[in-house]
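Novice: here is a sequence with its predicted model. Questions after.
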Amino acid sequence: MDMKIIAGLKTCLDEGTPVASVTVISSSGHSPARTGAMMLVMPGKQVGSVGGGQLEHFAVAEAEKLLVVGQSGEIQFTADDTKTTGSTCGGNVRLFVRVFGTSPRLVILGAGHVGRELFQLGIHLGFAVVIVDDREEMVADGEFPGAETFSVGGFDKNLEKFIVGECYVCIATRSHETDREALEALIEADARYLGIIGSSSKLRGIFRSLRDKGIPREKVEPLYAPMGLNIASRKPKEIAMSIMAEILLVKNSGSPEHMRDVKNIEY
């Protein structure tokens, strides 16, 4: 296997980037494809080649479709004439697309009581959990087994580096001020979910600060503030459960309804 393919695949998996390998299973006729030829397809990018031309254009497009649904599968390209291929080459090519799924990423800003409970739920549910705190002792080795932990000098900058792939971000730091700093740093980040914990008065103050800094309403509207579903939570475990339920609702495109009302099974 080409070392560029191996290196590219490792990079994608390490960074949480969705990736698919496309391998030629068989080739007949006058196709330029060769059995065993391989390439990687990522959103908007590819590494390697399976033969070029219309075959490769087709393979990339089909691999991108499978990446969206997270499903591997065999695809087939048939070219019988110059109208189809754009060249004098024809033939039949079978390819296998292997989609390498990546775990959704749960980034928890704050290693306090709620952050610790979110960590437990995230690990249990198969998220790649990242804990970030500005207190080094809070993210010491062994505190969060199974998670990546980072100590930062402050929450006011360089947080976007943690937003990789399908990412869900919870802001629950040690103070109102650090929560505000983290939100300002991430308000334009490409996260699937961005939520912040806090009371109504705290959030009004944070929103006022955002307005004073010229951040438009449309940037703030997608924010979940305060984050979590309304299950009358008071304890950290319950608060974390309400937040995780909201994250799963977003992740799975669910709806905040009782299942009995969704199914509506008559007696």
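Specialist: Thanks, I have it.

Novice: skipping its backbone neighbours, what lies nearest the spatially most central residue of the chain in space?
Specialist: Against the mean C-alpha coordinate of the chain, by C-alpha atoms, centre = their mean, the closest residue is Glu166 at 0.7 Å. Distances taken as C-beta to C-beta, 6 or more residues apart in numbering put Pro104 closest to Glu166, at 4.5 Å, once the chain neighbours are dropped. For the C-beta atoms, the positions are set from N, CA and C on the backbone; glycine is no exception.

Novice: neighbours of the one you found, how many?
Specialist: Residues contacting Pro104 under the criterion other C-beta atoms under 10 Å number 20.

Novice: the stretch 101-250 of the chain: strands as residue ranges?
Specialist: With strands called from DSSP state E, counting those that start in this stretch, the stretch 101-250 of the chain shows them at 105-109, 128-133, 148-151, 167-171, 193-196.

Novice: for the record, mean pLDDT for the longest one?
Specialist: Read that as strand 128-133. In this model, strand 128-133 has an average pLDDT of 94.

Novice: coming back round to it: what sits against the residue nearest to Glu166?
Specialist: Neighbour list for Pro104: Gly126, Phe127, Ala128, Gly165, Glu166, Cys167, Tyr168, Arg192, Lys251 [criterion: C-beta atoms under 8 Å, 6 or more residues apart in numbering].

Novice: go with 10 Å
Specialist: In this structure, Pro104 makes contact with 16, 122, 125-128, 165-168, 192-193, 247-248, 251, judged by C-beta atoms under 10 Å, 6 or more residues apart in numbering.

Novice: how about Ser26?
Specialist: Ser26 sits in contact with Ala33, Thr35, Gly36, Gln76, Asn92, Val93, Arg94, Leu95, where contact means C-beta under 10 Å, 6+ apart.

Novice: beta partners for Ile75?
Specialist: Per DSSP bridges, residues listed as beta-bridge partners of Ile75: Leu95.

Novice: great, nothing more from me.
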